[in-house]
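Undergrad: fold the following for me, if possible:
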Amino acid sequence: MQGSLVLREGALVNATADESDVTRVLAGDVSAFEGIVQRWQSPLVNLAYRFCGDRGRAEEMAQEAFLRAYRGLSGWRRDAAFSTWLFALAANLYRSELRRIPSRTVPLDEAPELRDNSAVDASLEDQDRDRIVRGAVLGLPPKYREALILYYFCETDVPAAARSLGLPVGTFKARLSRGREILRNKLRYLLASPRLREA
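TA: Sure thing, here's the model as predicted:
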């Protein structure tokens, strides 16, 4: 309970700081945009990384998202949190960028197995499991991958994630459900590979 209260207070502080910085930027104080970048740089880079799987490219994509946010700052209508608007802008940019120059993806059936089978006993090492899950998510069709990334990795709630993708809530929920189903089946196959049990 206390943790959720701290989280809400942190979100409130961010929302207040965002609103103040946006107001200052729109009034001509360009330096106030730095506060926005400091608060949201890491989350936007992480979001981009979830889309493309390449840290360098993720940083470039996040930089472009900030540039577009700065140029379109007057487009934030304040009917939702600034962070929701920023993440929607970034997600749309990242999707467009990946359509323009797709990331190198590996079909789920060809996703790499654990690199060290001798390290596997009753459970997978966290690092290997994370690598397999990340590879499996990146191998999903884009419409399912985007839904899972926004909901699970960015911890965006359903209405905000649906808005970010420009989808009705019902459509987003359907994509999320189908994406989970595909991922669950593929992970069951990848994590239950006979080679993994030979150790």
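
Undergrad: got phi/psi on residue 166?
TA: The phi and psi values for residue 166, taken as degrees, to the nearest 10, are phi 70, psi 40.

Undergrad: residue ranges with poor pLDDT in this structure?
TA: Residue ranges of the chain with pLDDT under 70: 1-13, 102-128, 191-199.

Undergrad: which residue ranges form the helices in the protein?
TA: Using DSSP state H, the helices found in the chain span residues 2-26, 33-52, 55-71, 82-100, 126-138, 142-148, 158-165, 169-191, 194-197.

Undergrad: next up, the contacts around the nearest residue to residue 36 once chain neighbours are set aside.
TA: Using CB to CB, 6 or more residues apart in numbering and skipping the chain neighbours, the partner closest in space to residue 36 is residue 21 (5.2 Å). The C-beta positions use only the backbone N, C-alpha and C, and glycine is treated the same way. Listed by CB atoms under 8 Å, 6 or more residues apart in numbering, the contact partners of residue 21 are 32, 33, 35, 36.

Undergrad: make a markdown table from those residues and add distance to residue 74 and neighbour count to it.
TA: Output for the contacts of residue 21, formatted as a markdown table (distance: CB to CB, whole Å; neighbours: other CB atoms under 10 Å):
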| residue | distance to residue 74 | neighbour count |
| --- | --- | --- |
| 32 | 14 | 17 |
| 33 | 13 | 17 |
| 35 | 18 | 16 |
| 36 | 14 | 22 |
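
Undergrad: coming back round to it: how far away is the residue nearest to residue 36 from residue 144?
TA: Note on residue 21: its distance to residue 144, by CB to CB, to the nearest Å, is 35 Å.

Undergrad: and for the nearest residue to residue 61 once chain neighbours are set aside, the neighbour number?
TA: What sits nearest to residue 61 in space, not counting adjacent residues and going by CB to CB, 6+ apart, is residue 48, at 4.1 Å. Other residues lying near residue 48 total 28 when counted by other CB atoms under 10 Å.

Undergrad: so which residue is smack in the middle of this structure?
TA: Among the residues of the chain, the one closest to the centroid is residue 47, at 3.4 Å (CA atoms, centre = their mean).

Undergrad: give the contact list for that residue.
TA: Counting by CB under 8 Å, 6+ apart, residue 47 touches 62, 87, 90, 91, 94, 149, 150, 153, 154.

Undergrad: how about the residues you listed, which pair is most distant?
TA: Comparing every pair within the contacts of residue 47 by CB to CB identifies 62 and 150 as the most remote, at 15.2 Å.

Undergrad: residue 65 touches residue 93, doesn't it?
TA: Yes. Taking CB atoms under 8 Å as the definition, residue 65 is a contact partner of residue 93 at 5.1 Å.

Undergrad: more neighbours: which of these two?
TA: Neighbour count, other CB under 10 Å: between residue 65 and residue 93, residue 65 has more, with 25 against 20.

Undergrad: and the more buried one, what does it touch?
TA: By CB under 8 Å, 6+ apart, the contact set of residue 65 is 44, 48, 86, 89, 90, 93, 94.
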